[in-house]
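> Sequence first, then the predicted structure:
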Amino acid sequence: ISDKSESRGALIVLEGLDRCGKTSQCGRLHSYLEELGLAVELWRFPDRNTGVGQMISSYLANKSHLDDHAIHLLFSANRWEKRSLMESKLRSGTTLIIDRYSFSGVAFSSAKGLDVEWCKAPEAGLLAPDLVVYLDISPEKAAERGGYGGERYEKLEFQKKVAQSYKALCDDATWKVVSLDWSFSFVNIINS
Ligand code: FDM
């Protein structure tokens with residue numbers, strides 16, 4: 001959105017591996033901004049409520065099988081079908097907190113071996129976030145957190161590849177990386 005006037009809302013995206021705690025943090029940020037009196041909405045992608053979203057949901061639950069390129073384009077289409085609503089919300093002053101966005105699309109598909117530039121192409125023209133918060137947890141720690149729910153991508157070996165793909169996408173201008181490997185930071189504090 002080129003309109004950077006104070007009246008428009010901010011587009012804030014949270015990204016990270018499965019089980020990194022994104023959904024809880026999105027909820028906390030939402031409550032916090034609401035308490036400050038801001039107009040704020042919490043969104044997520046995939047949005048499983050649309051027709052495209054239902055196809056994605058069935059794919060993730062292993063109830064249907066799709067070519068890697070085809071599912072990639074469906075994830076992207078799921079963002080495109082929400083683009084105009086997103087723009088009008090932002091223009092009318094509502095801040096949007098989004099649980100996953102284009103970066104998930106590129107990180108997860110390129111972790112399967114698809115070409116990164118090919119993965120990025122259908123995202124061109126979607127609204128650019130003002131801030132991306134990446135919750136950085138090691139894949140091993142994420143896997144320890146109460147186990148995965150059994151969806152298609154919730155496997156340690158695959159999540160390790162996704163973590164590498166995310167690192168390659170990280171852009172210092174809009175990304176803030178929050179380290180969640182508490183035990184590691186704690187050891188560092190004790191040793192310093
Ligand atoms: N995912 C999510 C993708 O592979 N591409 C995308 O574009 C998006 C938005 O879908 F494993 C993956 C990431 C995750 C899965 O996400 C479902 P949630 O956050 O668990 O619903």
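Good, I have the coordinates. Every value quoted in this text rests on a predicted model; they were computed, and no experiment measured them.
> For the chain, list the residues in contact with the ligand, please.
Taking CB under 6 Å from any ligand atom as the criterion, the chain approaches the ligand at residues 18, 45, 46, 60, 75, 100, 104, 105, 108, 153. In short, each C-beta sits where N, CA and C put it, glycine included.
> pretty sure the fourth one is touching residue 150, no?
No: in this structure residue 60 lies outside contact range of residue 150 using CB atoms under 8 Å: 9.9 Å.
> Which helix or which strand is home to residue 113?
Here residue 113 is covered by no helix or strand, with elements defined by DSSP states H and E.
> so what's it up against?
For residue 113, the contacting residues are residue 68, taking CB atoms under 8 Å, 6 or more residues apart in numbering as the criterion.
> now the helices for the protein?
Listed in chain order, the helices of the chain (DSSP state H) span residues 22-35, 51-60, 68-80, 83-91, 102-111, 116-120, 139-144, 156-169, 182-191.
> Now residue 75. Nearest residue, chain neighbours left out?
Distance criterion CB to CB, 6 or more residues apart in numbering; nearest residue to residue 75, sequence neighbours excluded, is residue 105 at 4.9 Å.
> no wait, residue 42
With CB to CB, 6+ apart as the criterion, residue 42 has its nearest non-adjacent residue at 4.5 Å, and that residue is residue 30.
> more crowded one of residue 60 and residue 150?
When neighbours are counted by other CB atoms under 10 Å, residue 60 comes out ahead of the other of residue 60 and residue 150, with 18 against 10.
> List the contacts of the more buried one.
When contacts are counted by CB under 8 Å, 6+ apart, residue 60 is found next to 46, 151, 152, 153.
> For ChimeraX, what selects the buried ones among those residues?
Selection of the buried residues among the contacts of residue 60 in ChimeraX, burial being defined by 16 or more other CB atoms under 10 Å:
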select :46
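> could the contacts of residue 60 be laid out in CSV, adding pLDDT?
Formatted as CSV, the entries for these read as follows, by pLDDT from 0 to 100:
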residue, pLDDT
46, 98
151, 93
152, 96
153, 97
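> on that earlier part again, show me the contacts for the residue nearest to residue 42.
Under the criterion of CB under 8 Å, 6+ apart, the contact partners of residue 30 comprise 40, 41, 42, 97.
> Of the residues you listed, select the buried ones using a PyMOL command.
In PyMOL, selecting the buried portion of those, with burial taken from 16+ other CB under 10 Å, looks like this:
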select buried, resi 40+42+97
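> Which of the contacts of residue 30 sits closest to the ligand?
Using CB to the nearest ligand atom, residue 42 comes nearest to the ligand of the contacts of residue 30, at 12.6 Å.
> need the contact list for the closest one.
Listed by CB under 8 Å, 6+ apart, the contact partners of residue 42 are 26, 27, 30, 96, 97, 98, 99.
> What of residue 119?
With contacts defined as CB under 8 Å, 6+ apart, the neighbours of residue 119 are 72, 105, 106, 109, 110.
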